[in-house]
Every structure is written in structure tokens, then in C-alpha cells.
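Novice: Only the shape, not the letters, is given here:
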């Protein structure tokens, strides 16, 4: 409005230069002339409204493009975890990547990066994130099940490291028919340390073999083994093995998956997130899955923070939950006072040799090989080419622009549907080509007459007769008076 701008320009100088009493009089006059609210008039007269700044103010930004680029690299190197989990991981992740020579951050960028809050991290990664897409239950024998005690979610309390929950994850794809690979998942209650091992088939003796291998990989002794009521766990073989090895064996209540909330959460956040939902079967797929888990265990347990429930209480219909600060299983194991000193030294020595970027690259290569095996049964037995570490690190800066980077999370490409009915001219195509090339026929009508098996009849003759019959039928149905007109027009 020209009038409004003129009034503001005329009054703003006197208002800014006047004292308190003069400002009061000028404001009363300005409100009476314009009809504006008094507070709105005060804002207009303090500063010229035509020069007011709108939009973003880059001069007030604390985190520039260099900080944002470094944050994207850390986010990609940590496998795209949320801001609340990424914030406590920034310091150890930067130290590990600098120790291996992957990044060299300036002091100002490093200071800004580690001072970012979880909410600021999520806001800074908003654009990057936007660019990035029942089987029958077999009941175990009552005699065996009655000898295994039941443990609920609330019965755990605060156990020492070594008491674990276990579960099986099926890799059956869209159908559960036949034999397929399954994953045995073992999760520690106190620290969240998770180990995964593939089972070639569903067999209780294989469960014992894989459990023995997992016990060798765990940094602490296995003290408790809690499972669901699956018959592959609730049997004499597993029960006797636990009794022989002095392992406390327990089970959850039937049809109560919340009793095994710790391992059920890892089934989704680790196995399904990394392996996906494709069907895996055969020795080749099981071997590739075992190689993938060898990398996943180090990446997840040392560089993937997770939440842990501290307490919860019910207020009417609402349940209030409070969580501990996100931490990796490695960090929880170090801070737990019940952890032995030799265990601390062992995991510290392992952590000092780990490169998170190299682990992520190897994990992506393992996922790609698993996808190739699943999408092409009897797929390649040889591992594919693994990109150079420098090239992979460079790609982390722009990987978010390509959408989903996990090969196992991409949909299987659909094959083009071919012709369903057989081609009627396929058998005589060579004969027709020879006739056309030899000059025997000059057009399609004569070629159809010359085709073998036609007995001198052209294709156009039955087609023409059929078209004439169709025209006659349509003419009769066009009007109910057609038949009467035909009768009246015909001679007697």
C-alpha cells in the first residue's frame, strides 16, 4: 500500500528521535489514522517496515556447509542412524576415522560438529534423508516343556553380562515351503551385545553347533539362555547341553513375544535391516550370510548405539518410559562394574584395530553378493569386486542423493512378461521369407495364400465373410422395426 508506506516514512523518523512522551503522542496519532493495532504500529515505527528482513539469516548460522558435509559423512559411515543415536557416537567415530586417515577435520569444524544436539543433527540431515525409498506352530512335548522354567520380561531385573535371549529369523521370502536358511540371534540383556549365525536347515543339533560357535565369539561367558517355545529350542538336546555347560536355560510364556523384547527388537533392527526379506536357501547362501555376519557383528557391537529402557510407569491409559543415554554394546560393557578386567582389555584391543568405514564397505559388498545369490538361484560362488576404500569414502558424501544404498533393501527387479500364446506364423516364417525374397509373392494377401497348409485359401476370404455376417447381425439389432420393414419391402 502506497498510503501505508508514506505514513510509516513520515512518522518513523519522529518516533525514533522522540522521547517517551512524544512517542506516546505520535503512536496515538498513527493508530488513529491507520486503524492498526497498537502493538503492530509500534513494530512498524521502530524499524522501517519496507526494510524489514524476511527469510533465513545466513549470518546467524552456527553450522556452515563444511560442518554439514562432515556430518553427512559421519551419518553415512554409521549406517544412517537417527540423530539421537548418532550424537553420542560422533566423538568415537571421528577419532576412529582420523586414526585410520579417512578424515582430517579442522578444529573449528570438529568443535561445531561434536557440539550439535540430536535435534540439530536431524534438522541438518533433513535434506539428505529426503533424498535417500503364519506358519503352523509345532508344540513341543509337554514333558520337556514342563522341565524348562518360564521367565517373563519383568523377571530379568538387572542381570550381569552373559544372560542372553535367543530367537530364529526365517529367510523364507514370500513362501515358507521347502527348506531355507534361518538366522540364530543371541542378544545380551545387560549390554545389548548381539551375535548372529546362519542355520542351513531347521535342526536342533545345528542349533547346538551354532551356539557353541557364538560362545567363542562372545567377549564374556554365556550364563543364561532364554528362548521362545519353538520345538527347535525346547527339546532334550538343547536342555541337556545347557545343563552340561552350566547355562541357565529358560523360556518365555507361549504367545507372549513381549517376554523376549530384547531379541525381538534386534530381529528387526539388525537382521531384517541388514539382510532384508529375500528367500535364502542352499549352502552358497548360508556361506555368504555367515561372511556378512562376521562383519556385521563388529560394526553393530562397536559402532551402533542403541537405546535401553531405564524405567516405565503407567499413568491411566498412558505409559511413560525413560531411556538411558544411547550407547554401543562395547561402551556398556566397559562401563558395567561387573565386567572383568581381562574382558575390558580384550574388547579395547579389538576396538583399536577396527575401521568403521572399512567395515561398512565390506558389509555393503556382502549385502550385494547376498542379493545376487537370492535373485538368481544357484548364483555366483565367487565374491564380486569390492570398491577401493578411498572411492567408497568419497561416495559417502553424495550417497544420500542416490536414495537407498543398502542392496538388500531394494526391490527385486521385475522380469518383463513375454508372449503367453504361441505365434501361429512361427513355424512358416522361414518359408514366407524365402517366398518374399524370391519374388514369388508381392503382398501379404498372396503370401498368406501361398503359406503351407492353406490349401489355396486366402486369409482375407473367411475374414470378409465373417465381417459380412457381423454387419447383417448388427443391422437387425439396430432397431426392433427392421424385421417389419424387411417383410413389408419384400414382394409377395
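Specialist: Sure, I can see it. Computed from a predicted structure; not experimentally measured.

Novice: Flag the shaky bits of this structure, pLDDT-wise.
Specialist: The chain contains residues with pLDDT under 70 at 1-2, 47-60, 133-142, 377-384, 439-492.

Novice: quick one: the helices in the stretch 251-400 of the chain?
Specialist: Using DSSP state H, counting those that start in this stretch, the helices found in the stretch 251-400 of the chain span residues 261-266, 273-275, 283-303, 329-335, 341-352, 356-375, 389-395.

Novice: Let me have the ones you listed in TSV, adding mean neighbour count and distance to residue 323 as columns.
Specialist: (Glycine included, C-beta is placed from N, CA and C.) Listed next are those as TSV, based on neighbours: other Cβ atoms under 10 Å; distance: least, Cβ to Cβ, whole Å:
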stretch	mean neighbour count	distance to residue 323
helix 261-266	20	13
helix 273-275	22	20
helix 283-303	21	19
helix 329-335	20	13
helix 341-352	13	23
helix 356-375	21	24
helix 389-395	15	32
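
Novice: and residue 251, which of these is closest to it?
Specialist: Among those, helix 261-266 comes nearest to residue 251, with 12.6 Å by Cβ to Cβ.

Novice: what packs against that closest one?
Specialist: Applying 3 or more Cβ pairs under 8 Å, 6 or more residues apart in numbering; DSSP states H and E, one finds that helix 261-266 makes contact with strand 163-170, strand 182-188.

Novice: Now do the strands in this protein.
Specialist: 163-170, 182-188, 194-199, 224-227, 248-251, 309-315, 318-323 (DSSP state E).

Novice: Compare those and give me the one nearest residue 389.
Specialist: Of all the strands of the chain, it is strand 194-199 that lies closest to residue 389, at 24.8 Å by Cβ to Cβ.

Novice: Who are the packing partners of that closest one?
Specialist: Contacts defined by 3+ Cβ pairs under 8 Å, 6+ apart place strand 194-199 against strand 182-188, helix 204-217, helix 283-303.

Novice: Now do the buried residues in that strand.
Specialist: By neighbour count on 16 or more other Cβ atoms under 10 Å, the buried set for strand 194-199 is 194, 195, 196, 197, 198, 199.

Novice: Next: stretch 87-106.
Specialist: Applying a neighbour-count criterion of 16+ other Cβ under 10 Å, one finds 87-90, 92-94, 96-97, 100, 102-103, 105 buried in stretch 87-106.

Novice: Okay, and the beta partners of the closest residue to residue 233 other than its chain neighbours?
Specialist: Among residues not flanking residue 233 along the chain, residue 227 sits closest, at 3.9 Å (Cβ to Cβ, 6 or more residues apart in numbering). For residue 227, the beta-bridge partners are residue 251 (DSSP bridges).

Novice: Please tabulate the buried residues of strand 194-199 in a markdown table, including the columns distance to residue 408.
Specialist: Output for the buried residues of strand 194-199, formatted as a markdown table (distance: Cβ to Cβ, whole Å):
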| residue | distance to residue 408 |
| --- | --- |
| 194 | 18 |
| 195 | 19 |
| 196 | 14 |
| 197 | 18 |
| 198 | 14 |
| 199 | 19 |
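
Novice: Of those, just say which sits nearest to residue 412.
Specialist: residue 198 (20.5 Å).

Novice: wait, doesn't the closest one sit right on residue 294?
Specialist: No - applying Cβ atoms under 8 Å as the test, residue 198 and residue 294 come out as separate, 10.9 Å apart.

Novice: quick one on the thing from earlier: make TSV out of the strands of the chain and add distance to residue 375.
Specialist: Output for the strands of the chain, formatted as TSV (distance: least, Cβ to Cβ, whole Å):
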stretch	distance to residue 375
strand 163-170	18
strand 182-188	19
strand 194-199	18
strand 224-227	32
strand 248-251	37
strand 309-315	38
strand 318-323	39
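
Novice: Can you tell me which of the ones you listed is nearest to residue 434?
Specialist: The nearest among the strands of the chain, by Cβ to Cβ, is strand 163-170 at 57.5 Å.

Novice: Could you pull out the buried residues of the closest one?
Specialist: Within strand 163-170, the residues that count as buried by 16+ other Cβ under 10 Å are 163, 164, 165, 166, 167, 168, 169.

Novice: ok so, going back, tell me who's in contact with the residue nearest to residue 233.
Specialist: Counting by Cβ atoms under 8 Å, 6 or more residues apart in numbering, residue 227 makes contact with 165, 166, 167, 233, 234, 238, 250, 251, 252, 260.

Novice: Can you say which two of those are spatially most distant?
Specialist: Among those, the pair separated by the greatest distance (Cβ to Cβ) is 238 and 260, at 15.8 Å.
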